[in-house]
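Engineer: sequence-free structure coming up:
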């Protein structure tokens, strides 16, 4: 059977960077192809060329053996190529159903919102991608938004489905459901491209694995013929040393939440926490399925969301009434879940983003004036320490890969060893090297006495770094366990609303 898609000699460059260098790749009907590589290896760029987001500088795309030129993603989806990106392409003010229908030729005549919403709801239930079809996107968590993007491609009946980090916000139980859906899709004669940094997932779902490094294909294998260690070495080009997690006795309380009640964007009670504390030199992990109060918890602590009742206490002082600026001045740092919408400003340069926290303080500022030399020196130091790969410190941050954006954000927020770090999904979309680097940063911060509230939907991350793990379900803490003695199944069951007693 001939390939559904063939890429021949695909080359794509950006200023100072060769993202893809003459890549040849074929996608066969009914296969799940895993695409691996470090951040900046060229995976997303290659698939963006196939999905019509970029036009390659050289090379040919063949669909069913015939050359195809895509001027836009609309052209690509019309030929059956659909991509779910790391950064979502949704309109906040529209409902889930409206976003799924937007730009598509169906229905052909008058739109019946209830009927189409019911159809979306049936698709969501069928594929285990639970989301309210009538909710507006601005009301959804990041995980729920990702589900909308997946449903959008399923609605369009894509023959080739490209999934860029699709499991980043899923529990182990949800991953199993998604994998079943992927297998059903492939079983219909379609091809699925699975981009991920989770090597165990790649080995579980892929039929074939292709590894990119520096814009070139450096290896191709099958799960039965390799191991996670070999794949990791292929990705980075050298052996990866396993790190250790030195545990120490936590110090005095840094953060205390007392009988907190907070409402969500829809006006409902989204968070109800009787008590939660983080100590000096401790990483408190927060587990939960997306949309169960994690975002509200982070925003309550950082002052981005007002509380309806209760107190937020930092170092023994009630800060409930303080705005985010004053909380940050007291030593709170924040890595938000959406790095571009909330953490960085895409149109600003690397230098400007690197000093967003301290642009009004010496030595970055001299009275009312900004010292560009000091700002540039700070940016260069952050980029060097945290391995932010950029061809120019004056380049807009939106031109950086997702992993380099995240490194810049983590570097900026942890630079001054804050009293409390609130970190939401700090390694989402990062490769194995970058993930290990962020984990080392968190552990080093813990060693200097920083208290860390680590909110993550990756159980691997929580078990790798946390001292204690609490589980949020429907805005309430339903369990707390020492990370050293807890099990993944136990935490996963609590996340799903079950009892692990």
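Structural biologist: Thanks, I have the structure now. Every value quoted in this text rests on a predicted model; they were computed, and no experiment measured them. Numbering: from 1, shown residues only.

Engineer: give me the local confidence score for the most far-flung residue of the chain relative to its centre.
Structural biologist: Distance from the C-alpha centroid of the chain, by Cα atoms, centre = their mean, peaks at residue 367 (37.9 Å). pLDDT, residue 367: 85.

Engineer: ok, residue 239 next?
Structural biologist: pLDDT, residue 239: 65.

Engineer: going forward can the numbers begin at 59, since that is how I track them
Structural biologist: With the count now opening at 59, the last piece we talked about shows up as residue 297.

Engineer: what distance do you get for the residue farthest from the centre of the chain to residue 418?
Structural biologist: According to Cβ to Cβ, to the nearest Å, residue 425 and residue 418 sit 10 Å apart. Bear in mind the C-beta positions are built from the backbone N, C-alpha and C, glycine included.

Engineer: what's the answer for residue 370, then?
Structural biologist: 24 Å.

Engineer: now the residue farthest from the centre of the chain, what are its backbone angles?
Structural biologist: Main-chain dihedrals, residue 425, degrees, to the nearest 10: phi 70, psi -130.

Engineer: and for residue 130?
Structural biologist: Dihedral angles of residue 130 (phi, psi; degrees, to the nearest 10) stand at phi -160, psi 160.

Engineer: excluding chain neighbours, what is closest to it?
Structural biologist: residue 110 (5.3 Å; Cβ to Cβ, 6 or more residues apart in numbering).

Engineer: ranges for the strands of the stretch 259-408 of the chain?
Structural biologist: Along the stretch 259-408 of the chain, counting by DSSP state E, counting those that start in this stretch, strands occupy 266-271, 274-279, 311-321, 327-337, 341-345, 367-372, 375-376, 390-393.

Engineer: so which of these is the most packed in?
Structural biologist: When those are scored by mean count of other Cβ atoms under 10 Å, the highest mean neighbour count falls to strand 341-345 (a mean of 27).

Engineer: that one packs against which elements?
Structural biologist: Identification of packing neighbours for strand 341-345 by 3 or more Cβ pairs under 8 Å, 6 or more residues apart in numbering; DSSP states H and E yields strand 327-337, helix 490-505, strand 509-513, helix 517-523, strand 526-531, helix 546-553.

Engineer: how about a cut-off of 7 Å?
Structural biologist: With contacts taken as 3 or more Cβ pairs under 7 Å, 6 or more residues apart in numbering; DSSP states H and E, strand 341-345 sits against strand 509-513, helix 517-523, strand 526-531.

Engineer: reformat these as a markdown table; add mean pLDDT and mean neighbour count.
Structural biologist: Formatted as a markdown table, the entries for these read as follows, by pLDDT from 0 to 100; neighbours: other Cβ atoms under 10 Å:
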| stretch | mean pLDDT | mean neighbour count |
| --- | --- | --- |
| strand 509-513 | 97 | 26 |
| helix 517-523 | 90 | 20 |
| strand 526-531 | 94 | 22 |
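
Engineer: nearest to residue 269, of the ones you listed?
Structural biologist: Counting by Cβ to Cβ, residue 269 lies closest to helix 517-523 out of the helices and strands packed on strand 341-345; the figure is 20.5 Å.

Engineer: wait, doesn't residue 385 sit right on residue 377?
Structural biologist: Yes - at 5.8 Å, residue 385 counts as touching residue 377 under the criterion of Cβ atoms under 7 Å.

Engineer: which of those two has more neighbours?
Structural biologist: residue 385 (21 against 18; other Cβ atoms under 10 Å).

Engineer: what about the closest residue to the more buried one other than its chain neighbours, distance to residue 261?
Structural biologist: When the adjacent residues along the chain are set aside, residue 385 lies closest to residue 361, with 4.6 Å between them (Cβ to Cβ, 6+ apart). Per Cβ to Cβ, residue 361 is found 43 Å from residue 261.

Engineer: and these two? which has more neighbours close in?
Structural biologist: Between residue 361 and residue 261, counting by other Cβ under 10 Å, residue 361 is the more crowded of the two (21 against 17).

Engineer: residues contacting that one?
Structural biologist: Contact analysis of residue 361 by Cβ atoms under 7 Å, 6 or more residues apart in numbering lists 380-382, 385.

Engineer: per-residue pLDDT of it, please?
Structural biologist: pLDDT, residue 361: 97.

Engineer: how about the strands of the stretch 259-408 of the chain, which one is nearest residue 165?
Structural biologist: strand 327-337 (34.0 Å).

Engineer: the closest one: how far from the chain's middle?
Structural biologist: Remark: strand 327-337 is offset 24 Å from the chain centroid, using Cα atoms, centre = their mean, to the nearest Å.

Engineer: what about it, average pLDDT?
Structural biologist: Strand 327-337 carries an average pLDDT of 96.

Engineer: that one pairs with which strands?
Structural biologist: Strand 327-337 has the following strand partners under DSSP bridges: strand 311-321 (antiparallel).

Engineer: run the chain-centre distance for the partner strand.
Structural biologist: 26 Å.

Engineer: what's next to that strand, contact-wise?
Structural biologist: 327-338, 354, 358-359, 363, 365-373, 477-478, 509, 511.

Engineer: just the pLDDT for the spatially most central residue of the chain.
Structural biologist: Nearest to the geometric centre of the chain sits residue 486, at 3.4 Å (Cα atoms, centre = their mean). At residue 486, the model reports a pLDDT of 76.

Engineer: and it, helix, strand or coil?
Structural biologist: coil (DSSP: H, G, I helix; E, B strand; the rest coil).

Engineer: who does the worst-scoring helix or strand of the chain on mean pLDDT touch, helix- and strand-wise?
Structural biologist: When the helices and strands of the chain are scored by mean pLDDT, DSSP states H and E, helix 230-245 comes last with a mean of 80. Helix 230-245 sits against strand 249-253, helix 257-263, helix 546-553, with contacts defined as 3+ Cβ pairs under 7 Å, 6+ apart.

Engineer: want to throw these into JSON lines with mean pLDDT?
Structural biologist: Output for the helices and strands packed on helix 230-245, formatted as JSON lines (pLDDT from 0 to 100):
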{"stretch": "strand 249-253", "mean pLDDT": "95"}
{"stretch": "helix 257-263", "mean pLDDT": "91"}
{"stretch": "helix 546-553", "mean pLDDT": "85"}
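
Engineer: so of the ones you listed, which one's packed in deepest?
Structural biologist: Greatest average neighbour count among those goes to strand 249-253 (a mean of 25), per mean count of other Cβ under 10 Å.

Engineer: that one pairs with which strands, parallel or anti?
Structural biologist: When sheet partners are counted by DSSP bridges, strand 249-253 sits next to strand 90-94 (parallel), strand 218-222 (parallel).

Engineer: any chance of CSV for the ones you listed, columns distance to residue 84, mean neighbour count and mean pLDDT?
Structural biologist: Shown next, in CSV, are the strands paired with strand 249-253 (distance: least, Cβ to Cβ, whole Å; neighbours: other Cβ atoms under 10 Å; pLDDT from 0 to 100):
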stretch, distance to residue 84, mean neighbour count, mean pLDDT
strand 90-94, 9, 25, 96
strand 218-222, 11, 25, 93
